[in-house]
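*Asks:* I need the structure of the sequence given here:
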Amino acid sequence: MDFVKYQHIERFGTSEVEGIEFGECYVFPKIDGTNASVWMCEGELCAGSRRRELSIEQDNAGFCTDIIHDKNILNYLNKFPNHRLFGEWLVPHSLKTYRKNAWKKFYVFDVMVDKSYLHYDEYQSYLEDFGVEYIPPIRILKNGTYEQFVKLLDANEYLIENGKGFGEGIVIKRYDYVNKYGRTTWAKIVGSEFKEKHHKAMGAPLQNGTKIPEEEAVNSFLTKAMIDKVYAKIEQDGGFRSKDIPRLLHTVYHDFVIEEIWQIIKKQKNPVINFKTLQHFTFAKVKAEYSNLF
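*Replies:* Numbers count the residues shown, from 1 in each chain. You can find the predicted model right below:
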């Protein structure tokens, strides 16, 4: 396997991670070291930084020199030679409050197989079996709000010395998430950024984190028959083509709002509806029902 650059983690609230909160999110502590990776190539352990492959002669903060002697990592990759481990090599950077015994260690935060990420619930047991250090989640949160994620900033005490505050921030991962550009990516909230911008509206719904009215409305009132009706009408106009997908999505959303909004209001007793969120769940249901088109 060749070197693979790790993805950029996007700020929560940007278009790159729009809608990532709508589902089961794993919230991880963000630690402040240097990005690193390890993988096997032709039976040899290879190491990388964020942007390049490393060697003993061209190292990055001593990571390659150290990791090639790590028997736990070597045993793991001999067992799973198609796995690529991404993580943080904890060396002094901006944050200096980590425990003394935490430094100069490699903490895995993602495992990639064939350019796809394994779910935490899958790779965690593999790493445990070989004694490989990894970053555990702080919380698993379904349909979380910005406010709920922000509260978890103060729960990031991972590797921090007692009484020395909190870590750099949090990383939000939803393993079934693909953004509107067709990419799987993660979101982050950094503590210092929050302190400066905590009054900024992030567009997340202000309902509780387990049940939001927009999702309930779509699940209750948007039927497959309604979607089929729109699809059939488009098909009658000359056959359904890939360029008709936006028409399908937006027409279903239009018809759903026009035909069902009163029923939604009655059932949920005048809920506060974020129509951008309602559109998100509408599109998601269309894509689920007509997955062959997407």
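*Asks:* please count neighbours and contacts with C-alpha atoms only from this point.
*Replies:* OK.
*Asks:* check contacts around P29.
*Replies:* Counting by C-alpha atoms under 8 Å, 6 or more residues apart in numbering, P29 touches I135, P136, P137, I138, N156, E157, Y158, G167, E168, G169, I170, V171.
*Asks:* quick one: contacts for the residue nearest to R50 when sequence neighbours are not counted?
*Replies:* Nearest non-adjacent residue to R50, counting by C-alpha to C-alpha, 6 or more residues apart in numbering: N35, 5.3 Å away. N35 makes contacts with S49, R50, F86, G87, E88, W89, as judged by C-alpha under 8 Å, 6+ apart.
*Asks:* out of those, which one has the weakest pLDDT?
*Replies:* For the contacts of N35, the minimum pLDDT belongs to R50; the value there is 91.
*Asks:* list the buried residues in stretch 219-234.
*Replies:* Of all the residues in stretch 219-234, those buried under the rule 16 or more other C-alpha atoms under 10 Å are F221, L222, I227, D228, V230, Y231, I234.
*Asks:* can you tell me the SS state at the fourth one?
*Replies:* Reducing the assignment to helix, strand or coil with DSSP: H, G, I helix; E, B strand; the rest coil, the entry for D228 is helix.
*Asks:* so it versus R247, what's the distance?
*Replies:* Here the criterion is C-alpha to C-alpha, to the nearest Å. By it, D228 lies 13 Å from R247.
*Asks:* could I get the buried residues of stretch 219-234 as CSV with distance to Y177?
*Replies:* Shown next, in CSV, are the buried residues of stretch 219-234 (distance: C-alpha to C-alpha, whole Å):
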residue, distance to Y177
F221, 24
L222, 22
I227, 23
D228, 25
V230, 26
Y231, 25
I234, 28
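*Asks:* which of these lies closest to S94?
*Replies:* The nearest member of these to S94, counting by C-alpha to C-alpha, is L222 at 49.2 Å.
*Asks:* find me the pLDDT at the closest one, would you?
*Replies:* pLDDT recorded at L222 is 93.
*Asks:* contacts only, for the residue nearest the centre of the chain.
*Replies:* Centroid-nearest residue in the chain: K173, 2.4 Å away (criterion: C-alpha atoms, centre = their mean). Neighbouring residues of K173 by C-alpha under 8 Å, 6+ apart: I20, C25, Y26, V27, F28, T185, W186, A187.
*Asks:* which of the residues you listed ranks first by neighbour count?
*Replies:* In terms of neighbours by other C-alpha atoms under 10 Å, these top out with I20 at 25 neighbours.
*Asks:* unless I'm mixing things up, it is touching V171, no?
*Replies:* No - counting by C-alpha atoms under 8 Å, I20 does not reach V171; the two are 11.5 Å apart.
*Asks:* quickly list what's touching both of the two.
*Replies:* Joint contacts of I20 and V171 (C-alpha under 8 Å, 6+ apart) are W186, A187.
*Asks:* quick one: the helices in this structure?
*Replies:* Assigned by DSSP state H, the chain shows helices spanning 63-67, 71-79, 120-130, 146-151, 191-197, 213-221, 224-236, 245-268, 275-289.
*Asks:* closest to N101 out of these?
*Replies:* Closest approach to N101 among those (C-alpha to C-alpha): helix 63-67, 15.6 Å.
*Asks:* so for that closest one, mean pLDDT?
*Replies:* Helix 63-67 comes out at a mean pLDDT of 97.
*Asks:* residues contacting that helix, please?
*Replies:* For helix 63-67, the external contacting residues (C-alpha under 8 Å, 6+ apart) are A36, C46, A47, G48, L54, S55, I56, D59, I73, W89.
*Asks:* please name the residues that touch the fifth one.
*Replies:* Looking back up the chat, that one is L54. Counted by C-alpha under 8 Å, 6+ apart, L54 has contacts C46, A47, G48, N60, C64.
*Asks:* adding distance to D121 and neighbour count, write those out as TSV.
*Replies:* Output for the contacts of L54, formatted as TSV (distance: C-alpha to C-alpha, whole Å; neighbours: other C-alpha atoms under 10 Å):
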residue	distance to D121	neighbour count
C46	25	21
A47	25	25
G48	25	23
N60	30	21
C64	28	24
